[in-house]
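Trainee: Let me see the structure of the following:
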Amino acid sequence: MSWTDERVEVLKKMWGDGQSASQIAKELGGVTRNAVIGKVHRLGLSNRTTGGAAPQKPAVKEKPAAKPEAIKAKPAPKEVAAEPAPEPERSPAVIPARKQIIPAGQPLPPQPSANEISPEALASVREVEKKAKRLGLMELTERTCKWPIGDPATDDFWFCGLPVQAGKPYCEAHVGVAFQPMSSRRDRRR
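Mentor: Numbering: from 1, shown residues only. Purely as a prediction, here's the structure:
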């Protein structure tokens, strides 16, 4: 079922007359109550524009009221013409440099932590990486060093793979880089 111009006009008229979504769906045929409600909202008809008749209900035998003068009619609610609010202008969001997404295949920017590692530790890591097993992700076990080396977006990416230090995920050299004493980290920030 598609919403043709004729079907939309029938929907608008029946909605304006105060018909329920179920009644409109039955009249149109081939459409559900929820589809009618969705179309009403997309057309911006969600507020009834006319006072219109209330939805028709089956006649129910009512008891006559003892004192008709005691029944007071409620005042009709004031109708407010709902105009859609203008959408605020959106400026493009500025993404901080550290949260920017780098497309696959592009080299990663230099990481600040790499510049803060002592030259001795870097030399030790470079020596260890020369003897590394160069394992892929699926080759890692609980006994192999999981230190990533290279850019994950390239084919030249691997993990160290040397035996791990007890209770740590990395080999001895990479533990020295990853887990530094608190005092040395505190001193670097100054």
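
Trainee: can you map out the strands along this structure?
Mentor: 148-149, 158-159 (DSSP state E).

Trainee: Quick check: which of those strands has the most neighbours on average?
Mentor: Stretch with highest mean neighbour count among those: strand 158-159 (a mean of 20; mean count of other CB atoms under 10 Å). Every C-beta, even on glycine, is put in place using the N, C-alpha and C of the backbone.

Trainee: Quick one: mean pLDDT for it?
Mentor: Mean pLDDT, strand 158-159: 92.

Trainee: Need the residues that contact it.
Mentor: Contact partners of strand 158-159, identified using CB atoms under 8 Å, 6 or more residues apart in numbering, comprise 132, 134-137, 139-140, 144-150.

Trainee: And the residues you listed, which is closest to residue 25?
Mentor: residue 137 (53.5 Å; CB to CB).

Trainee: where's that closest one relative to residue 146, distance?
Mentor: 9 Å (CB to CB, to the nearest Å).

Trainee: which one of these two has more residues nearby?
Mentor: Neighbour totals were compared for residue 137 and residue 146, and residue 146 leads with 18 against 11 (other CB atoms under 10 Å).
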